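Participant: Got a sequence here, can you build the structure:
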Amino acid sequence: MDDQNKNLILATALSFLVILVWFLVFPPEEPVTDPNAPGQVSQTQTAPSVAVAPPAVVAPATPGAAPQAQADTAPAEVSTQAPRVVIDTPRVSGSISLQGGRIDDLSLKDYNETLDDNSPIVRLLSPVGQPNSYYALHGWAPAGDLTFDDVPNANTLWTLDSGTELTPDSPITLRWDNGNGLVFRRTISVDADYMFEIAQNVENTSDVTQRMQPYGIIARHGRPDTINFFVLHEGVVAMADGELIEADYGDMTDFDFVQAEGARTEVTQITENGWIGFTDKNWMTTLVPTPGQAFTSVSKYVDAADIYQTEIRLPTVEIAAGTSTGVSTRLFAGAKEWEAIRSYEQDLGIEGFIDSIDWGWFYFLTKPIFWVLHELNLLIGNMGVAIIALTLLIKAVLFPLAYKSYVSMARMKELQPEMEKIKERVGDDRQKMQMAMMELYKKEKVNPAAGCLPILLQIPIFFSLYKVIFVTIELRHAPFFGPFQDLSAPDPTSIFNLFGLFGWGAPEPGSIMALIFIGILPLLLGISMWLQQKLNPAPTDPTQAMIFAWLPWVFMFMLGTFASGLIVYWIANNVITFSQQYLIMRSHGYKPDVFGNIKAGFNKAKSTDSK
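Facilitator: Residues are numbered from 1 along each chain as shown. Below you'll find the model as predicted:
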């Protein structure tokens, strides 16, 4: 076996190894369940009777310092009679608890947990005491001579001062009087999508100046279920004066323990623009101060209570006797839709908000690729067809390079007789053969590496499209046709039940059976790769011929569990590449004998078997 064959076998083996490791270590998500869904709980749940108290804001060590949030160590009774205010908008439903004024019950009307007809809608926020407790809490931290009893805390029972339910057209106002000259009001409004505005006001009817500090908290009790896939960030996401900050849940448990906070804490001072919150694959909750507002951004993990928190702490304010003051912040709680998030960035001036979507290292490719795909989907109305149209556009952009590559490959074929003569002339002297080859290439003006460039360019494009399909919510449950109703999930069909013709179900996604009994799309992928090979005769070297013969089918099984949308792209790419190569070869006087090459391959296989 010569060195060329050894290198080919080694390169092929390494390629298979990389794909195998990818599949085993980072398996694609299963289409049956949505790990982002915080729990299959009805959207009309009421507050539990007993629960662990949500984080309480304790007195700052220094007057005017930032509040220090920590979890109460003892459980607290949550009244079963605590009233709630209904939230009802075109896109969300839920309620606000008047105990603490917490926004802790929110479901997304436009999204179901699965594709099943009876699947419940996705629940994003849940009250304390229920599975996956997840909520937002706003308030004031005492400073100066004030104590805990002088400011509302997480269990303060507010009264409804105005409004009956929260809708885009009707805000609500909560009121609490501390009985010592301070009257607190909290006005909550919401738009037609996912943005809440929380305006907090304090009226000082006493005869002394009072000091306190406004804050906002998002808390998650227990570590949430995550996809845990390396191409996706889940956890804290924040913007700090133009710098994107990310920390996953494992990172938070490794923060340095800060005694004054009673938790593992990371603090960032924001001078002008920023926001902070938690991001899942498809959903997000984010605290957003007014653009231009300086504040302190905090991420923390409370070991004692197993609570993950993000916080914003605004500067301490003074309220003179007989006056009032107020602050306003926003809370995003909803789906990470590109259009909605972009509009908030542009219309509300929330700097870098679009980067809350995980565009990855190749953001300079993923952003424009997604934009084109999004616009094509709006124009066509079918995401699968939009992916095919995107493939056509990408191939059109790369066509000049592809043309040079195919021409170079055709020229290399024309030189094949000359190359064989050189091999016969120099024998086994590899140095002389390489020098003679280089002289031949130079004389005929052929670049043997020209065919690699389009392939190299396809790698970042392919990865970027994979990122777009995997990360963006617009691909979630996006239908194509027939059984392909979720292009972000693997092909749901299977050879096992003859693609649905038999009565029994397909193997469980992610199982070995599902890997073996592939679906329609992976099968078409393998056939398209195989036909592309048949544009040219099989290599004369038997080792090379065997490796190339197996490649399409190995890749077919290896990539069969990837997202359907990605397989659709790859099939379309193979079909377009086949057409381009065929036409370019014809234009250079070479007519590919596809059927002849197929027949020759079968005849060769038969002759091998007969031996």
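Participant: which residue sits farthest out from the middle of the chain?
Facilitator: Most distant residue from the mean C-alpha position of the chain: residue 425, 58.2 Å away (C-alpha atoms, centre = their mean).
Participant: and the strand or helix carrying it, how far out from the chain's middle?
Facilitator: Secondary structure from DSSP states H and E places residue 425 in helix 416-426. In this view, helix 416-426 has its centroid 53 Å away from the chain centroid, taken as C-alpha atoms, centre = their mean, to the nearest Å.
Participant: buried set for it?
Facilitator: For helix 416-426, a neighbour-count test (16 or more other C-beta atoms under 10 Å) marks 422, 426 as buried. Yep, even glycine has a C-beta here, placed from its N, CA and C like the rest.
Participant: Tell me the helix or strand right after it.
Facilitator: helix 430-444.
Participant: Which element is encountered next along the chain beyond that following helix?
Facilitator: Immediately after helix 430-444, counting by DSSP H and E, sits helix 453-471.
Participant: what does the average pLDDT come to for that following helix?
Facilitator: In this model, helix 453-471 has a mean pLDDT of 82.
Participant: And the contacts of that helix?
Facilitator: 29, 229, 231-232, 281, 357-360, 362, 365-366, 369-370, 373, 390, 394, 398, 401-402, 404-405, 475, 487-488, 562-563, 565-566, 569-570, 573 (C-beta atoms under 8 Å, 6 or more residues apart in numbering).
Participant: Take those and keep only those in helices.
Facilitator: Using DSSP state H, the subset of the contacts of helix 453-471 located in helices is 365-366, 369-370, 373, 390, 394, 398, 401-402, 404-405, 565-566, 569-570, 573.
Participant: and the residues you listed, which are buried?
Facilitator: Among the ones in helices among the contacts of helix 453-471, the ones that count as buried by 16+ other C-beta under 10 Å are 365-366, 369-370, 373, 390, 394, 398, 402, 405, 565-566, 569-570, 573.
Participant: gap between the residue most central in space within the chain and residue 220?
Facilitator: In the chain, the centroid-proximal residue (C-alpha atoms, centre = their mean) is residue 471; its distance is 2.8 Å. Distance, residue 471 to residue 220, by C-beta to C-beta, to the nearest Å: 21 Å.
Participant: now the closest residue to residue 165 other than its chain neighbours, what's its secondary structure?
Facilitator: Setting aside the residues directly before and after it, residue 165 is nearest to residue 86 in space (C-beta to C-beta, 6 or more residues apart in numbering), at 4.2 Å. Recorded secondary structure, residue 86: strand (DSSP: H, G, I helix; E, B strand; the rest coil).
Participant: Please apply the same query to residue 550.
Facilitator: Assignment for residue 550 (three-state DSSP): helix.
Participant: Check the gap between it and residue 108 for me.
Facilitator: The value you get for residue 550 to residue 108, if C-beta to C-beta is used, is 46 Å.
Participant: Looking at those two, which is more packed in?
Facilitator: residue 108 (22 against 12; other C-beta atoms under 10 Å).
Participant: Tell me if that one really is in a helix.
Facilitator: No: Residue 108 sits outside any helix when classified using three-state DSSP, being strand.
Participant: Count the residues that sit near the residue nearest to residue 165.
Facilitator: Count around residue 86 with other C-beta under 10 Å applied: 15.
Participant: going forward can the numbers begin at 56, since that is how I track them
Facilitator: Okay, using 56 as the starting number, the last item reads as residue 141.
Participant: Now residue 300. Its backbone dihedrals?
Facilitator: With angles defined as degrees, to the nearest 10, residue 300 shows backbone torsions of phi -120, psi 130.
Participant: what about the closest residue to it other than its chain neighbours, helix or strand, and which?
Facilitator: Nearest non-adjacent residue to residue 300, counting by C-beta to C-beta, 6+ apart: residue 293, 4.3 Å away. Per DSSP H and E: residue 293 is located in strand 290-295.
Participant: Contact partners for residue 478?
Facilitator: Listed by C-beta under 8 Å, 6+ apart, the contact set of residue 478 reads residue 488.
Participant: From residue 466, how far out is it?
Facilitator: 18 Å.
Participant: cool, residue 602 as well?
Facilitator: 24 Å.
Participant: cool, and residue 390?
Facilitator: For residue 390 relative to residue 466 (C-beta to C-beta), the value is 52 Å.
Participant: now residue 501
Facilitator: Plainly put, residue 501 is 5 Å away from residue 466 if you go by C-beta to C-beta.
Participant: still on that earlier bit, other SSEs contacting the strand holding residue 293?
Facilitator: strand 298-303, helix 304-308, strand 318-325, strand 329-334, strand 350-357 (3 or more C-beta pairs under 8 Å, 6 or more residues apart in numbering; DSSP states H and E).
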